[in-house]
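Peer 1: Just need the structure, nothing else, for what follows:
(one chain, ligands or ions: 1)
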Amino acid sequence: MGLDLGGKLAVLADAAKYDASCASSGAKGRRATAGGVGSTEGMGICHSYTPDGRCVSLLKLLLTNYCLYDCLYCVNRRSSDVRRARFTPEEVVRLTLDFYRRNYIEGLFLSSGIIRSPDYTMEALARVARTLRVEHDFQGYIHLKTIPHADPALVAEAGRWADRLSINVELPTAASLAALAPEKDLGAIRGAMASIRARIDESRDGSRDGSREGRGPELVQLKRAPKAPPPFAPAGQSTQLIVGATDASDATILDTATTLYAAHRLRRVYYSAFSPIPDASSLLPPVSPPLVREHRLYQADWLVRFYGFDAAELTTPQAPNLDLELDPKTAWALRHRELFPVDVNAAPRELLLRVPGMGVKSVDRLLAARRWRRVRAADLAALRVALRRALPFVVTADGPGGSRVLDAPDLRARLLGRRTQLDLFGGAPLRAAG
Ligand code: SF4
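Peer 2: Now for the predicted structure:
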């Protein structure tokens, strides 16, 4: 191969950049012991882990970019003419510890092309995590990519040591997978997700089991019992969907994502805009989709998970793709003007969450504020409501908000800021929040 460790790092860190699923939401240290190598709760390393999946700094690598498979959208596919490299599991362990000790990273994201067989590759990935945990007491975050078609026992081994497991669906339909990644099988991928979910559930049920608390006569016996096994993938599982590699609409992509969330209780679905690759198949588009499409999918995903929207509400049969100019909630509200204006002093939480420009936090602040006083338009700004988007859709204590423009034919243009200023309050300038 002829590459030293630095050379391999250059190749395999670059090759990993196509995977979007690098966030480590909801991660806590694996055990209570602060001070172990890479502990995310000790050693003065500060994080804010949120269930919504903000990234921490991870060393993001492929174990190798050799691959037996020939997924057409992938730069590492068998037929691709790229420079190849391969780490040993021990080299990845060494790099992770090195980077961690220099405070460059808080964890490891490790994926791989498939070498020799799915089982061989999965075993090597699991070995990295096991070595870090067992031999080096590494308590940083570990996200392992699982290999389609690997033996479930090997995936189970990976989940003992990793915080998060993921398996990429990549394409939203079986037909598109058959066309572009014929060696992959959507049924097998979903089967692997189901088995990971079952193990996560089993592990959570076990940790909730009161017998582990050790009460009464059981306490003595439990004190002598062997240490409980580590939780299985405590930060859950995730997947990635590529956007724009096929003609799949946003409606199809969101439908697949919501099905996966429901069936396998995924923590996150990541949407990754397709990037054209060298010597690409003619089946692939020559250009990337607009990046804003990826952004709109994340916004729609958010609305489904936290705002009570059904994915099917966010597109229409006539327009199966999300509006690129307007956020999905505003686009939905424009299609449903008959449901507005909403009285901010009387509407229930679920209706307020549907008002453009109102986030979960601002709605909760509004609900708290209106217990004490009637909410006026000026109060909405203080509650960090995005007035430009919200005012046309609400009624406040001091007037109709901007609802008198609700039926204006140019409301869309106004919301897009294509008029100098929304003159909703007799000429008073608005603060364009959010
Ligand atoms: S299996 Fe993964 S690494 Fe291999 S070609 Fe397909 S997407 Fe690329």
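Peer 1: since we're on Asp4, how many residues are nearby?
Peer 2: Counted with other Cβ atoms under 10 Å, the neighbours of Asp4 add up to 8. In short, each C-beta sits where N, CA and C put it, glycine included.
Peer 1: now swap in the one 3 residues further on and tell me
Peer 2: Gly7: 13 surrounding residues under other Cβ under 10 Å.
Peer 1: How about Glu338?
Peer 2: Neighbour tally, Glu338, other Cβ under 10 Å: 6.
Peer 1: my guess is it is in a helix, correct?
Peer 2: Yes: if the criterion is DSSP: H, G, I helix; E, B strand; the rest coil, then Glu338 is within a helix.
Peer 1: pLDDT score for the spatially closest residue to Arg365 that is not a sequence neighbour?
Peer 2: Leaving aside its sequence neighbours, Arg365 sits nearest to Leu383 (Cβ to Cβ, 6 or more residues apart in numbering; 4.6 Å). Leu383 is assigned a predicted lDDT (pLDDT) of 94.
Peer 1: where's Leu383 relative to the ligand, distance?
Peer 2: 45 Å (Cβ to the nearest ligand atom, to the nearest Å).
Peer 1: what's near enough to touch that residue?
Peer 2: Applying Cβ atoms under 8 Å, 6 or more residues apart in numbering to Leu383 gives the contacts Ser362, Arg365, Leu366, Ala369, Val375.
Peer 1: how far is stretch 364-372 from where the chain is centred?
Peer 2: From the chain centre to the centre of stretch 364-372 is a distance of 31 Å (Cα atoms, centre = their mean, to the nearest Å).
Peer 1: Residues in contact with that stretch: which ones?
Peer 2: Counting by Cβ under 8 Å, 6+ apart, stretch 364-372 makes contact with Val344, Asn345, Arg349, Leu352, Met358, Val375, Asp379, Leu380, Leu383, Arg384, Val385, all of which sit outside it.
Peer 1: How about the secondary structure of the residue in the stretch 251-400 of the chain that the ligand sits nearest to?
Peer 2: Using Cβ to the nearest ligand atom, the closest approach of the stretch 251-400 of the chain to the ligand is made by Ile277 at 10.2 Å. Following three-state DSSP, we place Ile277 in the coil state.
Peer 1: Run a quick neighbour tally on Leu353.
Peer 2: Leu353: 20 neighbours (other Cβ under 10 Å).
Peer 1: List phi and psi for it.
Peer 2: Main-chain dihedrals, Leu353, degrees, to the nearest 10: phi -60, psi -20.
Peer 1: what do you get for Val342?
Peer 2: Dihedral pair for Val342: phi -100, psi 130, per degrees, to the nearest 10.
Peer 1: who touches it in this structure?
Peer 2: Contacts for Val342 (Cβ under 8 Å, 6+ apart) come out as Leu351, Leu352, Arg354, Val355, Phe393, Val394, Val395.
Peer 1: Check Val93 too.
Peer 2: Val93 sits next to Val128, Thr131, Leu132, Glu135, His136 when contact means Cβ under 8 Å, 6+ apart.
Peer 1: What sits closest to the third one if chain neighbours are left out?
Peer 2: In other words, Leu132. Nearest to Leu132 is Phe138, by Cβ to Cβ, 6+ apart, at 3.8 Å.
Peer 1: from what I can see the one you found touches Phe99, true?
Peer 2: No: checked against Cβ atoms under 8 Å, the pair Phe138 and Phe99 is beyond contact range at 11.6 Å.
Peer 1: Who has more neighbours out of the two?
Peer 2: Higher neighbour count among Phe138 and Phe99: Phe138, with 24 against 20, using other Cβ under 10 Å.
Peer 1: Check which helices and strands the host helix or strand of Ala198 is in contact with.
Peer 2: Take DSSP states H and E as the rule and Ala198 turns out to sit in helix 186-208. Using 3 or more Cβ pairs under 8 Å, 6 or more residues apart in numbering; DSSP states H and E, the elements in contact with helix 186-208 are helix 152-161, helix 174-180, strand 237-243, helix 250-264.
Peer 1: Looking at those, which is nearest to Ala13?
Peer 2: Closest to Ala13 of the helices and strands packed on helix 186-208, according to Cβ to Cβ: strand 237-243, at 17.8 Å.
Peer 1: Go ahead and produce PDB holding the CA coordinates of that closest one.
Peer 2: The C-alpha trace of strand 237-243 is given here as PDB (Å, rounded to 0.1, in the frame of the first residue of the first chain):
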ATOM      1  CA  GLN A 237     -29.400   4.300  16.100                       C
ATOM      2  CA  SER A 238     -29.500   6.600  13.000                       C
ATOM      3  CA  THR A 239     -29.500   6.400   9.300                       C
ATOM      4  CA  GLN A 240     -28.700   8.500   6.300                       C
ATOM      5  CA  LEU A 241     -30.800   9.200   3.200                       C
ATOM      6  CA  ILE A 242     -29.100  10.600   0.100                       C
ATOM      7  CA  VAL A 243     -31.100  13.400  -1.500                       C
END
